[in-house]
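In: when you get a sec, could you give me coordinates for this:
(chains A and B)
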Amino acid sequence: MSSSISFLCFLLPILFSVTFTLCTNSEGNALHALRIRLSDPTNVLQSWDPTLVNPCTWFHVTCDSNNHVIRLDLGNSNISGSLGPELGQLQHLQYLELYRNSIEGKIPEELGNLKYLISMDLYDNKFEGEIPKSIAKLKSLRFLRLNDNNLTGSIPRELTTLSNLKVLDVSNNNLCGTIPVDGPFASFPMERVLKTTDSVDQSYKDWCHMTLDAEKNKLRNRGR
Amino acid sequence: MAKPSLLLGSIFIPIFILPCLSCPEYQKQALLQFKSSIIAVNSSFDSSTFGLESWNSSPSCCEWDLITCSSPSNSTSRVVIGLYLSALSTILPPQPQLPSTVLEPLFQIKSLMLLDISSNNIYGEISSGFANLSKLVHLDMMVNNFNGFIPSQLFHLQHLEYLDLSSNSLHGSLSPDVGFLQNMEFLKLDENFLTGKVPEEIGNLTKLQQFSLRANQFSDGIPSSVSYLKKLQLLDLSNNTFSMEIPIDIGNLPNISTLTLNDNQLTGGIPSSIRKLSNLETLHLENNLLTGEIPSWLFDFKGLKILNLGNNRLILNYSGKIIPKCRLSHLSLKSCGVAGEIPEWISTQKTLDFLDLSENKLQGTFPQWLAEMEVGALILSDNNLTGSLPLALFRSLSLSVLALSRNSFSGELPENIGDARALIILMLAENNFSGPIPQSIAQIYRLVLLDLSSNRFSGNTFPPFDPQGFLALIDFSSNEFSGEVPMSFSQETIILALGGNMFSGPLPSNLSSLSILEHLDLHDNNLTGELPESLSQISTLQVLNLRNNSLQGSIPETISNLSSLRILDVSNNNLTGEIPEECGNLVRMVETPNLLSSIYNLFSFPGELNHLLINFSAESKDLVVNWKKSKRRLSGRNLDIYTLLDLSKNQLSGEIPTSLGALKALKLLNVSYNKLSGKIPESFGDLENVESLDLSHNQLSGSIPQTLAKLNQLGNLDVSNNQLKGRIPVGGQMNTMVDPVYYANNTGLCGMQIYEQCPEDEPLPPPPGSSEHDTKEPWFLWEGVAIGYPVGFMLEIGIIFLTGYFTPSPSTNRRHHRHQQHSIRRRILLELNV
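Out: Take a look at the predicted model:
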């Protein structure tokens, strides 16, 4: 984390001097494209006015002081639809909070471009398909909560390279295969509770843990 | 418009052969029934409510008001053929609402040829009973609240020539049955919620002269069959979501004089076939996605009066070469890439009344010829124009709108500016104007909007604006004005923006004379003294921005009288004392009803002017605030959606009043950098809309209340630099508040967010029943064990068996031992396994 911040501090001034206005607009465009994909019956995205210079004053969006979007907070927002590749354009995003909605479709491969992402909360939606291997590119990722979806396939072995990962929750999906044992997986205290929904919050007493759940998933431990 | 009176008067209808010349009894009864049913809607109504006093038991209903009967003749009785029931209610708005069922009696009057029930606030679905009125020629139902679909029975009224359903709440798509209306001359469905495609069958209405679908949600294309409508004079498809190229076939409509396609998503270029529309008078293509060059032949239409091409991606490339044959009254080339000097060919348009050249690349000075043209509205904002303004400009008695914002004009405003007596809107923001505001400006008694912001105007004397005048929107912000805050403004003032100057001294004590003020912005000045009580008397005040001044004293308890206040920013002053409990009574921060600013209804200028006024007034409402840790400009265009309370950077002390938790509509609450002590109120968990909560840099103690986990919208929480201790709440958005900076410098916070283990977590989880009720349900319910245990046991055994969980593996066992404390369930599993 601290290394990524110092990296940011070094890199950002150079970036901004060149692409300042372009960046913010492209992020606004990316969010606007997301809005078009989503169905929003309770109008939580009403404030997303694409004619503003940047999206920093939209509700549920947080920018840093350089007008880059760092948070997208749309948990519990009653939205449905699917995500698209444009989310990958939010290059500075640190928090992607889309939990407890009815979002379906695949988790876009392009989320792997969000290299500063700290937290990806897609839990309790209707995501399907596999967990994209590209997530392994998110070296700053500390929280990855994909539980309570319809994800299939296996847990990509590549995730073992996420050295900062502290919380992984993939419970209540249709995953199968073996549980990786390298990298952070080696030291994860493992939760294999029957029903995770009521354990998720309390279990943060340990900031380091993995919740896999055997109820729907068919995951196996690998013998070492 | 068909001429119903003429038409109806000349038609002879032999229906009932009766000896008397009065209307048939059944028609009279139907009319009386209609009358009694609308009066019955509300006990306070009588026949005078609807101007139906003449509808009584007198023998012939043909003598009654609002009714036309057929001409008398030898062999027939007179029958009712026309009912003019428009805007019946004679009482002041709000008009009484009438259910559509009141119309039922009228469906018995089958002889009706004209029925006008417009502007009656009728709600409900359109009855299929209209099918009975098979002789209808003219049906006007505009400005009501009809909802639901348009019943297809309406489209089988084969004599119908005129149908107006505008300004209702109709949904659904337009049925292909519309094609049966082969006698239709006038079809208007404006301002509804109609969706889908315009059916191909519209091409069957070959007698159609006026066809208007403005302000609906029609999409896809414009059907090519429109080209069969050879008699069409007016085609208005504006304000829909048509996304296609303008059909080339439109050129085959020789009689078109008004073509209104603005505010869609039309793409492509302006088709050359439009050149064939020799009768063209009005062409509205603005606010689309049209591309390419603006063809020069557009200026060859001899009859063209209105040409609006603004806000597309069109380019005007040949500004010098145009020799217009038209005599335009209205020209918009907004955002058309017009470069160079203001094109001189415009001077040939002697009747020009409206000119919008904003958002182009115009250079050079303000041309003398333009100043002398007596244009009514002159909009040149967002260009690179330089120099000072010609004196002649203000000698115009026609000039009502002058918008020059965001250019590089300089110099002082001419002393004769007050000669422009017709001015209503004067926008000079973001130029390099300097010097004082000429006193004569106060003589422009019609002036409503005056925006001089972001220039270098200076001085400490201000024009004595007439307290009885109309000047409602004033923006003098970001200049070099000094002296005391001026107060000689109109009592009609709605927006007063004086921020970013060098005003000093106290806030004026007679502020309350501005009795309908909504927006007061005095940020970044040198104001001293206390917040005057009189401030609390402006009950219309929605936005109060006093940030970055040197105000002292305490926040008056009477602040809660500001029952419209949505945005209060007093940050960075020297305010002392406690935050008054009464702040929790700021009702507009508790819930925000969708109250529109009175700007929207105060003025009733004709169309375009009102539109400009609303758009331009938004510019003066722009507000710079500390939004989620950064300085942000909130656009005045949608400022209405924000609800903020910023008390930061003062000397406020004492406890934070619990009552603040009532401010449910707040999007942002900032009390940082004060001397607040005591606990964070549990009630903050009720701030259900809050996205940014900054409590940092105070002396707050105790723990962070678990209730904060209820804040579903929280995106930014800063509690740093306090004396907080204990567990950081978990659950919901709190799980994502993990930036250690926002927890720094406290006396013992712990939790997963900051990798700090809480002492009580050490070996075992908390005993049962200790969890708070308003938090998430505890992850493990002991009550559930009794039931769950046997079931779970069997299930678990099964799963263990299936998944091979209990593959003997030394490393797994070791891990279990190492993390023994962290999961009771696993403990049970372990025990099971043993």
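In: not counting sequence-adjacent ones, nearest residue to B:Ile555?
Out: B:Pro580 (5.6 Å; C-beta to C-beta, 6 or more residues apart in numbering or on different chains). In short, each C-beta sits where N, CA and C put it, glycine included.
In: what sits against that neighbour?
Out: By C-beta atoms under 8 Å, 6 or more residues apart in numbering or on different chains, the residues touching B:Pro580 are B:554-557, B:559-560, B:657.
In: where does the stretch 301-450 of chain B have low pLDDT?
Out: Within the stretch 301-450 of chain B, the segments meeting pLDDT under 70 span B:318-320.
In: in it, what residue lies closest to chain A?
Out: For the stretch 301-450 of chain B and chain A, the shortest gap (C-beta to the nearest C-beta) falls at B:Asn311, measuring 10.9 Å.
In: identify the spatial nearest neighbour of that residue, chain neighbours not counted.
Out: B:Asn287 (4.7 Å).
In: how near is that neighbour to chain A?
Out: With the distance defined as C-beta to the nearest C-beta, to the nearest Å, B:Asn287 ends up 12 Å from chain A.
In: number of residues surrounding that residue?
Out: As a burial measure, B:Asn287 scores 20 neighbours (other C-beta atoms under 10 Å in any protein chain shown).
In: near chain A, which residues of the stretch 601-750 of chain B?
Out: Within the stretch 601-750 of chain B, the residues that sit near chain A (C-beta under 8 Å from any C-beta of the partner chain) are B:627-630, B:632-635, B:637-638, B:641, B:667, B:691, B:709, B:712-716, B:730-733, B:735-736, B:738.
In: inside helices: which ones of the residues you listed?
Out: With helices taken from DSSP state H, there is no overlap with these.
In: centroid-nearest residue for chain B?
Out: Centroid-nearest residue in chain B, with C-alpha atoms, centre = their mean: B:Asn638, separated by 7.2 Å.
In: any idea which element the closest residue to that residue other than its chain neighbours lies in?
Out: Distances taken as C-beta to C-beta, 6+ apart place A:Asp49 nearest to B:Asn638, at 5.8 Å, with adjacent residues excluded. For A:Asp49, there is no helix or strand it lies in under DSSP states H and E.
In: so what pLDDT did A:Asp49 get?
Out: In this model, A:Asp49 is scored at 88, pLDDT.
In: how many residues are close by it?
Out: Here the count is done by other C-beta under 10 Å, and A:Asp49 has 15 residues near it.
In: so it makes contact with A:Trp58?
Out: Yes: between A:Asp49 and A:Trp58 there is a contact at 7.2 Å, judged by C-beta atoms under 8 Å.
In: buried residues in stretch B:422-439?
Out: B:422-431, B:433-434, B:437-438 (16 or more other C-beta atoms under 10 Å in any protein chain shown).
In: residues in contact with B:Leu399?
Out: Going by C-beta under 8 Å, 6+ apart, the list of residues near B:Leu399 reads B:374-376, B:378, B:393, B:420, B:422-423.
In: could you do B:Phe457 as well?
Out: Counted by C-beta under 8 Å, 6+ apart, B:Phe457 has contacts B:433-437, B:476, B:479-481.
In: now swap in B:Ser534 and tell me
Out: Counting by C-beta under 8 Å, 6+ apart, B:Ser534 touches B:509-512.
In: out of those residues, which are buried?
Out: Burial by neighbour count, judged by 16+ other C-beta under 10 Å, picks out B:511-512 from these.
In: turn the contacts of B:Ser534 into a markdown table, columns for distance to B:Ala472 and secondary structure.
Out: Listed next are the contacts of B:Ser534 as a markdown table, based on distance: C-beta to C-beta, whole Å; DSSP: H, G, I helix; E, B strand; the rest coil:
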| residue | distance to B:Ala472 | secondary structure |
| --- | --- | --- |
| B:Ser509 | 22 | coil |
| B:Asn510 | 18 | coil |
| B:Leu511 | 16 | helix |
| B:Ser512 | 17 | helix |
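In: where does pLDDT dip in chain A?
Out: For chain A, the ranges with pLDDT under 70 are A:1-24, A:187-216, A:220-224.
In: if we go to 90?
Out: Flagging of chain A using pLDDT under 90 yields the residue ranges A:1-26, A:36, A:43, A:46-47, A:49-53, A:154-224.
In: quick one, helices of it?
Out: Listed in chain order, the helices of chain A (DSSP H) span A:2-37, A:184-187.
In: what about the strands in the stretch 251-400 of chain B?
Out: Under the criterion DSSP state E, counting those that start in this stretch, the stretch 251-400 of chain B contains strands at B:258-260, B:282-284, B:291-293, B:306-308, B:313-315, B:330-332, B:339-340, B:354-356, B:361-362, B:377-379, B:386-387.
In: so which elements touch the fifth one?
Out: Judged by 3 or more C-beta pairs under 8 Å, 6 or more residues apart in numbering or on different chains; DSSP states H and E, strand B:313-315 is in contact with strand B:291-293.
In: swap in the fourth one?
Out: Contact here means 3+ C-beta pairs under 8 Å, 6+ apart; on that basis strand B:306-308 packs against strand B:282-284, strand B:330-332.
In: out of the ones you listed, flag the one nearest B:Ala339.
Out: Of all those, strand B:330-332 sits nearest to B:Ala339, with 17.1 Å by C-beta to C-beta.
In: what about burial for the residues of the stretch 601-750 of chain B next to chain A, which qualify?
Out: So, by 16+ other C-beta under 10 Å, the buried ones in those are B:627-629, B:632, B:634-635, B:637-638, B:641, B:667, B:691, B:709, B:712-716, B:730-733, B:735-736, B:738.
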